[in-house]
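would you be able to build a 3D model of this:
(chains A and B)
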2 protein chains.
Amino acid sequence: MADKTAIEEGTAFAPQFGADGLITAVVTDATSGDVLMVAHMDQGALAKTIASGEAWYYSRSRHKLWKKGESSGHVQRVVELRVDCDQDALWLTVEQGGPGACHTGRRSCFYRAVPLGQSGAVKLEFRNADKTFDPQSVYGRAGKSERK
Amino acid sequence: MADKTAIEEGTAFAPQFGADGLITAVVTDATSGDVLMVAHMDQGALAKTIASGEAWYYSRSRHKLWKKGESSGHVQRVVELRVDCDQDALWLTVEQGGPGACHTGRRSCFYRAVPLGQSGAVKLEFRNADKTFDPQSVYGRAGKSERK
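This is a model prediction of the structure:
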């Protein structure tokens, strides 16, 4: 790893990919500020995102490079891309095309809350969980999902 | 792994820790909406966060459970905790105590932007990068940092 001070205080972009070759990307909605999704990029996805200004990821479940919106048309235009202090995480602020980012048919992947102040089994509570599109009609049936 | 439909559409909280026993946690500021940091939780950190309503993490660099603010006093009160569709990422909305979250002395860890539309070497641009506290005086010298 490069020098810690250079990574934290410098202007050289030196993304720290993990042992799996991936870096975590947090995606927020330029309009609402909500976190839309958490995904991963390999070096190729990051280079394509920087060059095109549209979000590309690496799908850990499908083991392939993936342009967000390639099946659904719900492309993400990157308004701003930031890197964190130790350069092992990215934050994309995006204009989300179409009705949503989540492969389940919702605007955001984060549609359930975990109640606090409890111990033992926890029951999730739905929040903003109405579907904004029909994932079957948008992605088709098998194998055309946009699962991260 | 439990049934995909149950994980995505159910109310049972079944956090999917990785092979390293960790789950990614995105932390946003309840006031500004900015992403403050990306950190990781093990099962113990998550249980303590849920029970206490204050953020605990697992430090991958220091290999230990860690209450945010334990050295600095900059505790994070969790306003809301959400889980994503496949339950392998968490989103904490927090009230950030004190002047900042980042161990470099800034409010957010994301103080540099990556310019878009380029290829080859990329030069980062500082954004909201003024230090809001002196990390040396807050964390002390060696070994008392709050690095994730």
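
and the helices in chain A, which stretches?
A:4-9, A:43-52, A:135-139 (DSSP state H).

how about JSON lines for those helices, with mean pLDDT added?
Converted to JSON lines, the helices of chain A look like this (pLDDT from 0 to 100):
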{"stretch": "helix A:4-9", "mean pLDDT": "96"}
{"stretch": "helix A:43-52", "mean pLDDT": "97"}
{"stretch": "helix A:135-139", "mean pLDDT": "91"}
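
for these, which one ends up most surrounded?
Most buried of those by mean neighbour count (mean count of other C-beta atoms under 10 Å in any protein chain shown) is helix A:43-52; its value is a mean of 18. Just so you know, the C-beta spots here come from the backbone N, C-alpha and C atoms, and that holds for glycine as well.

can you list the neighbours in contact with that helix?
A:15, A:17, A:21, A:23, A:41, A:55-58, A:65-67, A:78, A:81, A:90, A:92, B:114-119, B:122 (C-beta atoms under 8 Å, 6 or more residues apart in numbering or on different chains).

now do the strands in chain A.
For chain A, the strands defined by DSSP state E cover A:23-29, A:35-41, A:56-59, A:64-67, A:76-83, A:89-96, A:112-113, A:125-126.

highest mean neighbour count out of these?
Of the strands of chain A, the one with the most neighbours on average (mean count of other C-beta under 10 Å) is strand A:35-41, at a mean of 25.

angle of that strand against strand A:23-29?
150 degrees (axes from the mean of the first three to the mean of the last three C-alpha atoms, to 10 degrees).

can you list the strands of chain A in JSON lines and add mean pLDDT?
Converted to JSON lines, the strands of chain A look like this (pLDDT from 0 to 100):
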{"stretch": "strand A:23-29", "mean pLDDT": "98"}
{"stretch": "strand A:35-41", "mean pLDDT": "98"}
{"stretch": "strand A:56-59", "mean pLDDT": "97"}
{"stretch": "strand A:64-67", "mean pLDDT": "96"}
{"stretch": "strand A:76-83", "mean pLDDT": "98"}
{"stretch": "strand A:89-96", "mean pLDDT": "98"}
{"stretch": "strand A:112-113", "mean pLDDT": "98"}
{"stretch": "strand A:125-126", "mean pLDDT": "98"}
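
okay if I get the ones you listed as a markdown table plus distance to chain B?
Conversion of the strands of chain A to a markdown table gives the following (distance: least, C-beta to the nearest C-beta, whole Å):
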| stretch | distance to chain B |
| --- | --- |
| strand A:23-29 | 5 |
| strand A:35-41 | 4 |
| strand A:56-59 | 12 |
| strand A:64-67 | 15 |
| strand A:76-83 | 4 |
| strand A:89-96 | 4 |
| strand A:112-113 | 5 |
| strand A:125-126 | 7 |
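
my guess is A:Thr93 meets A:Val79, correct?
Yes - the pair A:Thr93 / A:Val79 is scored as a contact, 4.6 Å apart, by C-beta atoms under 8 Å.

which residues are in contact with each of the two?
A:Ala30.

ok, A:Asp130 - contacts?
A:Arg106.

hmm, I typed the wrong one, I wanted A:Arg60.
Contacts of A:Arg60 (C-beta under 8 Å, 6+ apart): A:Leu22, A:His40, A:Lys148.

which residues does A:Phe13 contact?
Contacts of A:Phe13 by C-beta under 8 Å, 6+ apart are A:Val83, A:Gln87, B:Val114, B:Ala121, B:Val122, B:Lys123, B:Leu124.

quick check: A:Asn128 vs chain B, distance?
Per C-beta to the nearest C-beta, to the nearest Å, A:Asn128 is found 10 Å from chain B.

for the closest residue to that residue other than its chain neighbours, phi and psi?
In space, A:Asn128 comes closest to A:Tyr111 once its chain neighbours are excluded; the distance is 5.8 Å by C-beta to C-beta, 6 or more residues apart in numbering or on different chains. Dihedral pair for A:Tyr111: phi -110, psi 10, per degrees, to the nearest 10.

am I right that A:Tyr111 is in contact with B:Cys85?
Yes - using C-beta under 8 Å, A:Tyr111 is in contact with B:Cys85, at 7.5 Å.

mutual contacts of those two, please.
By C-beta under 8 Å, 6+ apart, the residues touching both A:Tyr111 and B:Cys85 are A:Cys102, A:Thr104.
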